[in-house]
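Peer 1: give me a 3D structure for the following:
(one chain, ligands or ions: 1)
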Amino acid sequence: MTQQIPTGLDDVIVQELHLPVGREIIFKMRSQDVLHSAYMPHFRAQMNCVPGMITEFAFTPVITTDEMRQKPDMIAKVKKINKIRVEKSKALVANGEEALEPYTFDYLLLCNKICGASHYNMQMKIIVETPEEYEKWIAQQPTFAQVIQ
Ligand SMILES: [Cu+2]
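Peer 2: A predicted model of the protein is given here:
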């Protein structure tokens, strides 16, 4: 008789998604409660997350986060956003509130379905990096088995 070993112990639970550039990424979506929709606007990618089934799609990121931040059109966009944020901060500071942090470009994963009370908080940063940077990062992440000990 073989011993049953629980699955998922080598999973890694993260607060931001790291993707190696140039490698096909297979996304497998699940939902534990209601319909959500995983939306990655910069990749023009979206997939419903459906309770009771796995939905799946794949793409290959081709531009790292650092490369995107160096593109002239992105530099101009970030500069424009930060100019607006500086202006808004003047009013905030005058009212005794904190100034806005400067904006920095990041790829994002958002929920694009009005799914419930936590919808506003369903957002995660995506970092596209070199395979070497990715391997270094993933090696430093604790597994689920390590987290629950
Ligand atoms: Cu959602």
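Peer 1: give me the sheet partners of the lengthiest strand in the chain and which way each runs.
Peer 2: The strand that spans the most residues within the chain, counting by DSSP state E, is strand 123-129. Strand pairing for strand 123-129, using DSSP bridges, gives strand 17-20 (parallel), strand 107-111 (antiparallel).
Peer 1: show residues contacting the longest one.
Peer 2: Pointing back at strand 107-111 there. 17, 36-43, 65, 68, 119, 122-128 (CB atoms under 8 Å, 6 or more residues apart in numbering). The way it works is simple: take the backbone N, C-alpha and C, and place the C-beta from them, glycine included.
Peer 1: one more: the shortest one?
Peer 2: Contact partners of strand 17-20, identified using CB under 8 Å, 6+ apart, comprise 25, 61, 109, 124-131, 133-135, 137-138.
Peer 1: gap between whichever helix or strand comes after it and the chain center?
Peer 2: The helix or strand immediately downstream of strand 17-20 is strand 25-29, counting by DSSP states H and E. Put simply, strand 25-29 sits 13 Å off its chain's centre (CA atoms, centre = their mean, to the nearest Å).
Peer 1: what do you get for stretch 63-79?
Peer 2: 17 Å.
Peer 1: let's test this: mean pLDDT of it, rounded?
Peer 2: Mean pLDDT, stretch 63-79: 98.
Peer 1: now do the buried residues in it.
Peer 2: 63-65 (16 or more other CB atoms under 10 Å).
Peer 1: returning to that earlier point: what's the closest of the strands paired with strand 123-129 to the ion?
Peer 2: Taking CB to the ion, strand 107-111 is the member of the strands paired with strand 123-129 nearest to the ion, at 3.2 Å.
Peer 1: what is the mean pLDDT for the closest one?
Peer 2: pLDDT averaged over strand 107-111 gives 97.
Peer 1: tell me the angle of that strand relative to strand 25-29?
Peer 2: 20 degrees (axes from the mean of the first three to the mean of the last three CA atoms, to 10 degrees).
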